[in-house]
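**Q** Below is the structure, and that's it, no one-letter string:
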């Protein structure tokens, strides 16, 4: 396809003449069949909802086709409308657009659907089993058409993948405002999502899937790396200064979990990650994100012993069920130092977790045809998995929940994960590591994408970011020097670690000062022509301010407010009028529908002085909103961080907490 044909296809939106039906490509990793949940009346509604994108003359053809999709897959994806061009992030100049900002958003959308990046690309699912960019291909086509037509005086409104339309606004307004899964709270249970998604009226956007900010497994690898590094440090023996020879075991290679083996290598440990889906494991192996594939535990176990004894830096994937791996490790009494889990347990009944004793194919069949039995098998597997983990922790393993709802769903299954007092017996990684060491001080997953598509632009941005952090490090307080040193090492080694999958993107944990100074330095480099095209700034929603989630991002909030969502809502509103190019707010993400509210942003910087203003205005708020909230929750690191920010920023004045004597309080409650 020529560039002109590609641009014409984008501008054309939903074709006037229906394209030919697409054959089902079995080489692609497809989403599992969703369970049949709609009543007969709701099925009629689902087809009516799908057909409203098309003129009446096409309804007879499409009604039959969409009814068959609904029966066969549990959803209407409109496969026929999937474009023929290659889905990937192109250089920004190749997009047909009247607005440069809109062109950048088109690039980000296509990256989220790149088959090298997305978990189930033909079902428009980027990661997490159900983290969708759109519900169907008509929505994709219409959205891209709107983006090609819009000006900087318009805003595109997105309702759970559906482009509501272009509305007049102004240059300083966001070009796109995204909401995903925003439902009435009483209707926020997993089956509510299944029903509404099947009817085509809502979707689960995960975090960066539905907000067009996913950058492949790199997006989580930095956070996973610093988590593994600091978890290892917690288990150092006296005199130990290196994690070499330590064993890390986890599960999941499908989406963001695919970062784990790479993080293990960067952290210098031996890592073993189980993955039930052979295509997912093979994809990560082909991309160089895992070193070895193993299908036989009888061969894997001696290989683990060999690697640990030799203190190798190596990552292994076990293509099989995680429960089998945990039970074998416990039986063999292998010393596991670090353990976690990154199966998609926010989505346990629809492909996020597979029960032991059944093949991948048999599990998918049971999931669709016998959902009650599938649920029982999943819960039985969780009980067995926890039993094996408990035996290994009794021998010294440090186990942490990676915020995927593992402990939550295991407890609901009746597994032995609850300690006295009703708390989980194992910490969330946010409670032990990410919260007190990073989020409370404002450090979080800042990211950027070079819209030129040039590796040399990304390399220069790495150099610039590292230089900025080196300068900040010279005068930083002792409380954040360790974080800065780890992050400097990360960015200096980012190129050699071959992290890019899809767009020319980078992630770097940084605080408010670091993000702002790095972004300003990028903008200066664009202005001077050293970086050849605009850069998109963003972050994971899994950040200081972007997410309210009591089992993950706000699990180290102990004032009783960890189940409130003011922070995430305030954050997206504040970003929208301080300079974001697009904003998004989602129900669900990480730990599941109904369990979290999270939001994010994208900002296109183009070398202008106006971009400097947006950077300074918005990034300060985007980080310090969360620090202020964490400070008010009496988190001492956050109190220190917000005091320091108020000294740096005269116009910032935050309400600080006073600390009460708990023993004094108890005297008057007896």
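**A** The structure has been received and is ready for your questions. This one's a predicted model, so the numbers in the text were calculated from it and none came from an experiment.
**Q** Next SSE downstream of the helix or strand harbouring residue 381?
**A** Assessed by DSSP states H and E, residue 381 sits inside helix 371-393. Going down the chain from helix 371-393, the next helix or strand is strand 398-399, by DSSP H and E.
**Q** what's in contact with the helix or strand just after that next one?
**A** Where DSSP H and E defines the elements, the next helix or strand beyond strand 398-399 is helix 406-412. Residues outside helix 406-412 that contact it (C-beta atoms under 8 Å, 6 or more residues apart in numbering): 341, 343, 345, 348, 353, 379, 382-383, 385-386, 401, 417-418, 424, 426, 428, 551, 591, 595. (Each C-beta comes from the backbone N, C-alpha and C, glycine too.)
**Q** Check the offset of helix 406-412 from the chain's centre.
**A** Remark: helix 406-412 is offset 20 Å from the chain centroid, using C-alpha atoms, centre = their mean, to the nearest Å.
**Q** For it, buried residues please.
**A** 406, 407, 408, 409, 410, 411 (16 or more other C-beta atoms under 10 Å).
**Q** Pull up the gap between the last one and residue 401, please.
**A** Separation of residue 411 from residue 401 (C-beta to C-beta, to the nearest Å): 11 Å.
**Q** ok, how many other residues are close to residue 342?
**A** 25 (other C-beta atoms under 10 Å).
**Q** a helix runs through it, doesn't it?
**A** No. Judged by DSSP: H, G, I helix; E, B strand; the rest coil, residue 342 forms no part of a helix; its state is coil.
**Q** I'd assumed residue 249 was in contact with it.
**A** No. Counting by C-beta atoms under 8 Å, residue 342 stays clear of residue 249, with 11.3 Å between them.
**Q** who does the lengthiest strand in the chain touch, helix- and strand-wise?
**A** What stands out as the longest strand in the chain, according to DSSP state E, is strand 597-605. Packing contacts for strand 597-605, counted by 3 or more C-beta pairs under 8 Å, 6 or more residues apart in numbering; DSSP states H and E, involve helix 100-113, helix 512-527, strand 535-539, strand 547-548, helix 566-576, strand 582-587, helix 609-632.
**Q** CSV for these, including mean neighbour count, mean pLDDT and distance to residue 319?
**A** As requested, the helices and strands packed on strand 597-605 are arranged in CSV below (neighbours: other C-beta atoms under 10 Å; pLDDT from 0 to 100; distance: least, C-beta to C-beta, whole Å):
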stretch, mean neighbour count, mean pLDDT, distance to residue 319
helix 100-113, 25, 98, 26
helix 512-527, 22, 98, 39
strand 535-539, 28, 97, 33
strand 547-548, 28, 96, 32
helix 566-576, 21, 97, 37
strand 582-587, 28, 97, 32
helix 609-632, 22, 98, 39
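**Q** and of these, who's closest to residue 119?
**A** The closest of these to residue 119 is helix 100-113. By C-beta to C-beta, the value is 10.6 Å.
**Q** Can you report how many residues neighbour residue 242?
**A** Neighbours of residue 242 under the rule other C-beta under 10 Å: 11.
**Q** same deal with the one 3 residues further on?
**A** By the measure other C-beta under 10 Å, the count of residues near residue 245 is 17.
**Q** what's the answer for residue 372, then?
**A** Other residues near residue 372 number 10, with proximity taken as other C-beta under 10 Å.
**Q** which SS state does residue 460 fall under?
**A** helix.
**Q** What score does it have for pLDDT?
**A** Looking at residue 460, its pLDDT reads 98.
**Q** can you check residue 262 too?
**A** For residue 262, the model assigns a pLDDT of 90.
**Q** Then residue 552?
**A** For residue 552, pLDDT reads 85.
**Q** Not counting sequence-adjacent ones, nearest residue to it?
**A** Nearest-residue entry for residue 552: residue 403, 3.4 Å, with adjacent residues in sequence omitted and distances by C-beta to C-beta, 6 or more residues apart in numbering.
**Q** I'd say that neighbour and residue 428 touch.
**A** Yes. Using C-beta under 8 Å, residue 403 makes contact with residue 428 at a distance of 6.0 Å.
**Q** Spit out the residues that contact the two alike.
**A** With C-beta under 8 Å, 6+ apart, residue 403 and residue 428 have common neighbours 551, 552, 555.
**Q** Is there a neighbour count for the second one? I'd like the number.
**A** A count of neighbours around residue 552, defined by other C-beta under 10 Å, yields 29.
**Q** how close does it sit to residue 347?
**A** Taking C-beta to C-beta, one finds residue 552 at 15 Å from residue 347.
**Q** quick revisit: tell me the pLDDT of the residue nearest to residue 552.
**A** For residue 403, the pLDDT comes out at 71.
**Q** Any regions of the chain where pLDDT drops low?
**A** 255-257 (pLDDT under 70).
**Q** just to revisit the earlier point, now, which of the shared contacts of residue 403 and residue 428 lie within helices?
**A** Judged by DSSP state H, helices contain none of these.
**Q** Is it possible to get TSV of those residues that adds distance to residue 509?
**A** TSV is the format used below for the shared contacts of residue 403 and residue 428 (distance: C-beta to C-beta, whole Å):
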residue	distance to residue 509
551	21
552	16
555	18
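**Q** Looking at these, which one is closest to residue 504?
**A** Using C-beta to C-beta, the shared contacts of residue 403 and residue 428 come closest to residue 504 at residue 552, 29.0 Å.
**Q** How about the contacts made by that closest one?
**A** 403, 428, 430, 542, 590, 591, 596.
**Q** taking the residues you listed one by one, which sit in helices?
**A** Judged by DSSP H, the subset of the contacts of residue 552 located in helices is empty.
**Q** Which of those residues lies at the shortest distance from residue 497?
**A** Using C-beta to C-beta, those come closest to residue 497 at residue 542, 20.6 Å.
**Q** Identify the residues contacting that closest one.
**A** Contacts of residue 542 by C-beta under 8 Å, 6+ apart are 207, 220, 223, 403, 444, 445, 552, 553, 590, 598.
**Q** wait, doesn't residue 167 sit right on residue 154?
**A** Yes. Using C-beta under 8 Å, residue 167 is in contact with residue 154, at 6.6 Å.
**Q** Those two: which is more packed in?
**A** residue 154 (20 against 12).
**Q** measure the more buried one to residue 166 for me?
**A** Taken as C-beta to C-beta, the span from residue 154 to residue 166 is 5 Å.
**Q** which residues are common contacts for those two?
**A** What both residue 154 and residue 166 touch, as defined by C-beta under 8 Å, 6+ apart, is an empty set.
**Q** Quick one: list the elements packing against the strand or helix carrying residue 60.
**A** According to DSSP H and E, residue 60 maps onto helix 59-73. Judged by 3+ C-beta pairs under 8 Å, 6+ apart, helix 59-73 is in contact with helix 40-51.
**Q** so what does the helix it packs on touch, helix or strand wise?
**A** helix 59-73, helix 190-199.
**Q** which one of those has the most crowded surroundings?
**A** Neighbour counts (mean count of other C-beta atoms under 10 Å) averaged over each of the helices and strands packed on helix 40-51 peak at helix 190-199, with a mean of 21.
**Q** and the angle for that one with helix 371-393?
**A** 130 degrees (axes from the mean of the first three to the mean of the last three C-alpha atoms, to 10 degrees).
**Q** show me where the stretch 101-250 of the chain has helices.
**A** Using DSSP state H, counting those that start in this stretch, the helices of the stretch 101-250 of the chain run over residues 137-149, 190-199, 218-234.
**Q** Now do the phi/psi pair for residue 508.
**A** Dihedral pair for residue 508: phi -150, psi 120, per degrees, to the nearest 10.
**Q** Now for residue 562: which residues touch it?
**A** Taking C-beta under 8 Å, 6+ apart, one finds 548, 550, 554, 555 in contact with residue 562.
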